[in-house]
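Enquirer: sequence below, structure please.
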Amino acid sequence: MAEELQPVADEALAVPAVVSVLSTILQRQAERNDGASSGRKAPSAFQGVRKPSISVRRYLERIFRYACCSPSCYVVAYIYLDRFAGSHPAVALDSFNVHRFLITSVLTAVKFMDDIYYNNAYYAKVGGISLMEMNYLEVDFLFGIGFELNVTPVTFSYYCSILQREMCRESLPSPAPALAPASRSLICCLAEEESSSCQLAV
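Expert: Numbering: from 1, shown residues only. I've put the predicted structure just below:
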């Protein structure tokens, strides 16, 4: 019997910074590639026939509310997406495939990072796809990144710094305030107990 979706908390729960920042980066990338010539796009198992009605931000927030995975999984999912893109430059992330890439990369990351996680049937329900498609996308994604799942602390910290810079860019008002924020530090993505490895002065 399939597990029922159980949100981690109600709508009032604050969404981790990593979810917001990652959704912004991926939404911007998808929109940029939407404007590119569609005739050059390589076929992909992740490509949908129409754009989903749910935004990237709302979709990633949905994953956060129901998947109950650790914040670090989102960083690792971002690393996996980058590895896939590096191995398949002809497959552009766009509005027709970004949602499938997201649910698959998070599923892959949570299986590697967390000790306890939901099964593929549950993630398929969270992602709004069938179990058969979820299984197929997972296998395709694993082959797409060459089963390169290990993430070193150096790599993890590097991607944290990318996410943090993006978060700082979004949080700075325009025009910039006269006071220099050199003494302020911003945690980019991790839970408080994990944050020591991912802190930069801004």
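Enquirer: let me see the ranges of the strands in the protein.
Expert: Secondary structure of the chain (DSSP state E): strands at 185-187, 199-201.
Enquirer: nearest spatial neighbour of residue 142, skipping sequence neighbours?
Expert: Closest residue to residue 142 apart from its sequence neighbours, by C-beta to C-beta, 6 or more residues apart in numbering: residue 108 at 6.8 Å. Where C-beta positions appear, they are placed from N, C-alpha and C, glycine not excepted.
Enquirer: quick check, pLDDT for that neighbour.
Expert: What the model reports as pLDDT for residue 108 is 96.
Enquirer: any weak-confidence spans in this protein?
Expert: 1-13, 36-42, 170-202 (pLDDT under 70).
Enquirer: switch the cut-off to 90
Expert: The chain contains residues with pLDDT under 90 at 1-18, 20, 31-53, 67-71, 88-93, 114-118, 164-202.
Enquirer: how does it divide into domains?
Expert: If you go by automatic domain parsing, the domain ranges for the chain are 17-144, 156-201.
Enquirer: contacts only, for residue 34.
Expert: Shown in contact with residue 34 (C-beta atoms under 8 Å, 6 or more residues apart in numbering): 94-95.
Enquirer: could you do residue 31 as well?
Expert: Each residue near residue 31 by C-beta under 8 Å, 6+ apart is listed here: residue 95.
Enquirer: distance of it from residue 131?
Expert: Residue 31 is 30 Å from residue 131, where distance means C-beta to C-beta, to the nearest Å.
Enquirer: so where do the helices sit in this protein?
Expert: 17-34, 56-67, 72-87, 98-113, 120-127, 131-144, 153-171 (DSSP state H).
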